[in-house]
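Student: here is my input; please provide its structure:
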Amino acid sequence: MGRGARIKYKELLSWGWSISLRHRFQHSTILINPWDLFPIGINHGTGKPIIDRKQVEEEKTRVYAPVKRKGDMGWKELHAGICRIMQDYCGEYKSEQILKMGLWWLNSIRESEAQRTYARNPHELWRTLECLSRLTVGEMIMHASLARKANQVS
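Tutor: Here you go, the predicted structure:
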């Protein structure tokens with residue numbers, strides 16, 4: 001290509017790439033109702049999803065909470081703490097005791113530091129939500145490592 005990341009949208013469509021909300025094979029625009037992202041079931045009569053408005057409101061509250069709180073910790077500190085825990089407790093050499101200690105620390109971060117994290121603008125909100133996702137992924141990795149006994153050093 002030679003132009004790096006400077007590829008135009010129309011060029012990608014002509015190459016047959018799946019872009020955003022475009023269907024890969026038919027190249028027809030698919031319109032998505034944002035309420036369809038939180039289905040609790042399917043109405044078999046109409047085939048449309050049944051939306052739980054309470055679940056949607058709870059998710060909006062969770063997502064926008066860092067903007068509304070006056071915390072004392074930014075996303076950078078939260079990110080650094082998660083990275084440090086993952087390096088120290090889920091590194092190359094793992095044992096059951098070290099992984100459980102790492103899970104304890106991640107849970108401690110989720111209950112205290114994550115609840116004090118604030119966001120002043122949309123960029124910081126996005127980075128804060130990314131850190132919360134990394135926290136969840138870190139817990140999943142540690143649980144998976146605990147479940148796999150073959151890679152642990154005794």
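Student: what about the residue nearest the centre of the chain, distance to residue 145?
Tutor: Geometric centre of the chain, nearest residue: residue 133, 3.5 Å, by C-alpha atoms, centre = their mean. Plainly put, residue 133 is 19 Å away from residue 145 if you go by C-beta to C-beta, to the nearest Å. C-betas here are computed from N, CA, C, even on glycine.
Student: can you pull out the helices in this structure?
Tutor: With DSSP state H as the criterion, the chain has helices at 9-14, 53-68, 75-89, 96-111, 113-116, 122-147.
Student: can you add mean pLDDT and distance to residue 44 and give these back as TSV?
Tutor: Compiled in TSV, the helices of the chain are given as follows (pLDDT from 0 to 100; distance: least, C-beta to C-beta, whole Å):
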stretch	mean pLDDT	distance to residue 44
helix 9-14	42	36
helix 53-68	92	20
helix 75-89	95	43
helix 96-111	95	38
helix 113-116	92	40
helix 122-147	94	33
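Student: CSV for the ones you listed, including distance to residue 43?
Tutor: Below are these laid out as CSV (distance: least, C-beta to C-beta, whole Å):
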stretch, distance to residue 43
helix 9-14, 34
helix 53-68, 15
helix 75-89, 40
helix 96-111, 36
helix 113-116, 37
helix 122-147, 31
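Student: phi and psi next, for the most far-flung residue of the chain relative to its centre.
Tutor: Most distant from the centre of the chain: residue 45, at 33.6 Å, with distances by C-alpha atoms, centre = their mean. Backbone dihedrals for residue 45, given as degrees, to the nearest 10, come out at phi -70, psi -40.
Student: with that, I have no additional questions.
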